[in-house]
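S.K.: My questions are about this predicted structure, shown below with the sequence.
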Amino acid sequence: MAVEPVVVWFRRDLRVSDHVALHRACSLGVPILPVFVFDPAILQSKDMGVRRLAFLLSCLESLDANLQSLGSRLIIRNGHPEKVLRDLAKEVGAKRIFWNRDVEPYSRQRDEKVMEMAKAEGISAESFDDLLIHPPGSIEKGAGGPYTVFTPFSRAWLAKPPHDPLPRPKSIPATLPVKTLPIPSTEDLGLGKCEIPLPPGGEKAAQELLRAFAAKNLRRYDSIRNFPHDNATSRLSPHLRFGTISPRTVLATARRVRAEDPDSKKQVDVFVSELIWRDFYKQILWEFPHVATGCFRREYDRVEWENDPAKFQAWCEGRTGFPIVDAAMCQLNQTGWMHNRLRMIVASFLTKDLLVSWQWGERYFMQKLLDGDLAANNGGWQWAAGTGTDAQPYFRIFNPVSQAEKFDAEGKFIAQYVPEAESLSSPAPIVDHATQRVRALAMYKKAKG
Ligand SMILES: Cc1cc2nc3c(=O)[nH]c(=O)nc-3n(C[C@H](O)[C@H](O)[C@H](O)COP(=O)(O)OP(=O)(O)OC[C@H]3O[C@@H](n4cnc5c(N)ncnc54)[C@H](O)[C@@H]3O)c2cc1C
């Protein structure tokens with residue numbers, strides 16, 4: 001049996017349970033070297049946000065503690081992954097590097113470089129499907145090719161049996177002592193201090209959230225999920241973003257609740273469809289990487305957005321004079337999370353009331369969200385702007401006043417974040433919705449030609 005250690009490269013899968021690459025490495029019975037690499041290209045990217053980085057650091061602390069409890073530990077390095085992994089493999093005499101695949105264009109390029117390095121160095125590099133419930137490319141139309149519409153994708157997805165989560169390893173064969181850097185702070189990494197309180201990161205926190213959600217709100221999810229004040233959704237998104245819990249584990253829990261409590265079936269099915277949206281947008285990014293830099297429907301790249309910086313700033317700061325929009329933006333600015341209904345409302349408002357490009361909003365969200373994820377964020381923004389795959393048509397425009405009446409009828413959510421909305425001290429609306437609606441329609445129509 002080979003005794004050379006295997007390097008397991010952790011990226012956005014910061015857990016030990018149901019981790020495909022780690023599980024495969026453990027099955028070899030050789031020493032394992034778990035490593036996380038701080039990549040300067042990611043740290044310096046325009047989408048980087050200090051909050052998400054701070055959350056990631058807390059997840060790394062927890063991953064290290066979990067690895068230590070299994071007899072191993074996390075090695076931290078800085079630098080370009082292909083160089084860091086080459087040096088580390090040489091240092092410990094590793095001949096294999098394992099990791100779980102990602103769908104983002106940058107990650108794919110980076111992994112390609114690692115593959116090339118490995119080939120040149122005589123190392124075997126193996127990547128695994130782990131990020132999704134059904135991997136990209138595994139759900140295709142009958143005649144072949146990817147789905148671009150959610151409903152048929154979801155039907156095909158549901159027809160395919162999911163894999164059960166893999167068991168948590170009982171122990172992880174340790175490797176020789178190797179130097180590691182301490183887990184840095186956000187300041188050490190050049191991003192300054194995180195200015196908001198964060199929810200706890202790590203695998204245990206994710207499992208606790210899932211347990212609490214399964215015990216209560218999952219069973220009435222469809223009835224209450226659209227009302228921001230009820231705080232009824234799982235709040236698992238930052239954890240699914242960093243892989244402190246696997247989507248297969250979340251699905252298995254939902255299926256168990258559904259089986260145990262037949263009255264909950266309809267409610268649970270709606271929750272499962274949110275997990276399908278997650279898979280859907282990731283397979284869209286995988287199959288159509290151009291969405292990362294432009295509209296899925298390329299004709300909409302011609303839209304002549306007004307892009308007024310003052311209006312954009314008012315939107316960012318929650319000063320539009322539309323209470324539901326302002327309260328939603330305050331929730332984002334103060335907590336790093338925003339309810340899904342509100343994400344749809346503010347995205348529609350930015351693009352169709354303020355006539356500002358969805359890409360400006362997409363970037364702002366990436367800078368502020370703890371769950372900021374290229375595929376889901378891009379999919380959500382293109383859906384709201386009407387430029388995406390399964391987008392709502394551009395002529396369907398949310399009215400921010402009636403949305404508030406429907407989903408925050410008693411104004412409880414607004415009162416929480418914009419208490420002055422009740423009084424005369426709140427700002428006057430910065431645009432007239434009816435006028436802007438007509439202008440937005442003309443703007444889109446012109447682009448369509
Ligand atoms: C403009 C816009 C931007 C968005 N940006 C992001 C983002 O950057 N990161 C992100 O994870 N989600 C994003 N979403 C999707 C959705 O709003 C969040 O996933 C959800 O609000 C997270 O809260 P939760 O975990 O309580 O969700 P729950 O309702 O409990 O759903 C469970 C999980 O399903 C997934 N999910 C739910 N809804 C969607 C969806 N519409 N698309 C893809 N996955 C979904 C998430 O992983 C979520 O954690 C965006 C939506 C819109 C409209």
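M.R.: Good, I have the coordinates. Here the structure is a predicted model, which means the values were calculated and not measured. Residues are numbered from 1 along each chain as shown.
S.K.: What's the separation between the closest residue to residue 152 other than its chain neighbours and residue 148?
M.R.: Once flanking residues are discounted, residue 152 sits nearest to residue 141: 7.5 Å by C-beta to C-beta, 6 or more residues apart in numbering. No exception for glycine: its C-beta is placed from N, CA and C like everyone else's. The gap separating residue 141 from residue 148 is 9 Å, by C-beta to C-beta, to the nearest Å.
S.K.: Give me the neighbour count for the closest residue to residue 16 other than its chain neighbours.
M.R.: In space, and not counting its chain neighbours, residue 16 is closest to residue 66: 5.0 Å by C-beta to C-beta, 6+ apart. Neighbours of residue 66 under the rule other C-beta atoms under 10 Å: 23.
S.K.: ok, and residue 66, which helix or strand is that part of?
M.R.: Here residue 66 sits within helix 50-69, counting by DSSP states H and E.
S.K.: any idea how far the following helix or strand past that helix is from the chain center?
M.R.: From helix 50-69 onward toward the C-terminus, using DSSP H and E, the following helix or strand is strand 75-78. Chain-centre distance of strand 75-78: 23 Å, with C-alpha atoms, centre = their mean, to the nearest Å.
S.K.: quick one: contacts of strand 75-78?
M.R.: The contact list for strand 75-78, computed with C-beta atoms under 8 Å, 6 or more residues apart in numbering, reads 33-38, 40, 60, 84, 88, 178, 180-184.
S.K.: returning to what we had before: list the contacts of the residue nearest to residue 152.
M.R.: Residues near residue 141 by C-beta under 8 Å, 6+ apart: 147, 152, 156.
S.K.: One more: residue 108?
M.R.: The neighbours of residue 108, taking C-beta under 8 Å, 6+ apart as the test, are 102, 289.
S.K.: And what about it, helix, strand or coil?
M.R.: Here residue 108 takes the helix state, with states given by DSSP: H, G, I helix; E, B strand; the rest coil.
S.K.: what about it, distance to the ligand?
M.R.: Going from residue 108 to the ligand by C-beta to the nearest ligand atom, to the nearest Å gives 19 Å.
S.K.: Looking at that residue now. What's its pLDDT?
M.R.: Residue 108 is assigned 97 on the pLDDT scale.
S.K.: Compute the distance between it and residue 296, please.
M.R.: Applying C-beta to C-beta to residue 108 and residue 296 gives a distance of 18 Å.
S.K.: buried ones in stretch 437-445?
M.R.: Using 16 or more other C-beta atoms under 10 Å as the test for burial, stretch 437-445 gives 437, 440, 443-444.
S.K.: same check, this time on stretch 171-179
M.R.: Within stretch 171-179, the residues scored as buried using 16+ other C-beta under 10 Å are 172-175.
S.K.: Assumed residue 8 was part of a strand.
M.R.: Yes: per three-state DSSP, residue 8 lies within a strand segment.
S.K.: Who is it paired with across the strands?
M.R.: Taking DSSP bridges as the rule, residue 8 bridges to residue 34, residue 98.
S.K.: start to end distance for stretch 161-178?
M.R.: This stretch, stretch 161-178, spans 41 Å end to end (C-alpha to C-alpha, to the nearest Å).
S.K.: residues in contact with residue 147?
M.R.: Residues in contact with residue 147 (C-beta under 8 Å, 6+ apart) are 139-141, 153, 156, 280, 283.
S.K.: same check, this time on residue 422
M.R.: Residues in contact with residue 422 (C-beta under 8 Å, 6+ apart) are 411, 415.
S.K.: Nearest to the ligand within the chain, name that residue for me.
M.R.: residue 380 (2.4 Å; C-beta to the nearest ligand atom).
S.K.: Counting neighbours, what do you get for that residue?
M.R.: Residue 380 is flanked by 22 other residues according to other C-beta under 10 Å.
S.K.: Over to residue 163?
M.R.: 14.
S.K.: you'd agree it is in a helix?
M.R.: No: going by three-state DSSP, the assignment for residue 163 is coil, not a helix.
S.K.: Give me the pLDDT value at the residue lying closest to it once chain neighbours are set aside.
M.R.: Of all residues not flanking residue 163 in the chain, residue 248 sits nearest, at 6.1 Å (C-beta to C-beta, 6+ apart). Looking at residue 248, its pLDDT stands at 98.
S.K.: ok, residue 248 - contacts?
M.R.: Counting by C-beta under 8 Å, 6+ apart, residue 248 makes contact with 18, 133, 162-165.
S.K.: send the alpha carbons of stretch 252-262 over as CSV?
M.R.: Taking C-alpha atoms only, stretch 252-262 is exported to CSV below (Å, rounded to 0.1, in the frame of the first residue of the first chain):
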residue,chain,number,x,y,z
ALA,A,252,-32.0,14.3,3.6
THR,A,253,-33.4,16.2,6.6
ALA,A,254,-36.2,17.7,4.5
ARG,A,255,-37.1,14.2,3.1
ARG,A,256,-37.1,12.7,6.6
VAL,A,257,-39.5,15.4,7.9
ARG,A,258,-41.7,14.8,4.8
ALA,A,259,-41.8,11.1,5.5
GLU,A,260,-42.5,11.4,9.2
ASP,A,261,-45.2,14.1,8.9
PRO,A,262,-47.4,13.6,5.9
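S.K.: picking up where we left off before, can you report phi and psi for the residue nearest to residue 152?
M.R.: The phi and psi values for residue 141, taken as degrees, to the nearest 10, are phi -70, psi 160.
S.K.: do the same with residue 112
M.R.: Given degrees, to the nearest 10, the pair of backbone angles that residue 112 has is phi -60, psi -40.
S.K.: what's the neighbour count on it?
M.R.: 11.
S.K.: doesn't residue 177 make contact with residue 31?
M.R.: No: counting by C-beta atoms under 8 Å, residue 31 does not reach residue 177; the two are 11.3 Å apart.
S.K.: before we move on, back to that, mark which of the contacts of residue 147 are buried, thanks.
M.R.: The neighbour-count test (16+ other C-beta under 10 Å) marks 139, 153, 156, 280, 283 as buried among the contacts of residue 147.
S.K.: circling back to that earlier point, quick one, what contacts the residue nearest to residue 16?
M.R.: Contacts for residue 66 were tallied using C-beta under 8 Å, 6+ apart; they are 15-16, 202-203.
S.K.: again, only this time at 10 Å
M.R.: 14-17, 72-74, 168-169, 172, 202-204, 244 (C-beta atoms under 10 Å, 6 or more residues apart in numbering).
S.K.: just checking, which of those belong to helices?
M.R.: Among these, the ones falling in helices (DSSP state H) are 203-204.
S.K.: can I get the contacts of residue 66 in JSON lines with distance to the ligand and pLDDT?
M.R.: Output for those, formatted as JSON lines (distance: C-beta to the nearest ligand atom, whole Å; pLDDT from 0 to 100):
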{"residue": "14", "distance to the ligand": "15", "pLDDT": "98"}
{"residue": "15", "distance to the ligand": "15", "pLDDT": "98"}
{"residue": "16", "distance to the ligand": "20", "pLDDT": "98"}
{"residue": "17", "distance to the ligand": "17", "pLDDT": "98"}
{"residue": "72", "distance to the ligand": "28", "pLDDT": "96"}
{"residue": "73", "distance to the ligand": "29", "pLDDT": "95"}
{"residue": "74", "distance to the ligand": "24", "pLDDT": "97"}
{"residue": "168", "distance to the ligand": "22", "pLDDT": "95"}
{"residue": "169", "distance to the ligand": "25", "pLDDT": "96"}
{"residue": "172", "distance to the ligand": "27", "pLDDT": "95"}
{"residue": "202", "distance to the ligand": "16", "pLDDT": "98"}
{"residue": "203", "distance to the ligand": "16", "pLDDT": "98"}
{"residue": "204", "distance to the ligand": "17", "pLDDT": "98"}
{"residue": "244", "distance to the ligand": "12", "pLDDT": "98"}
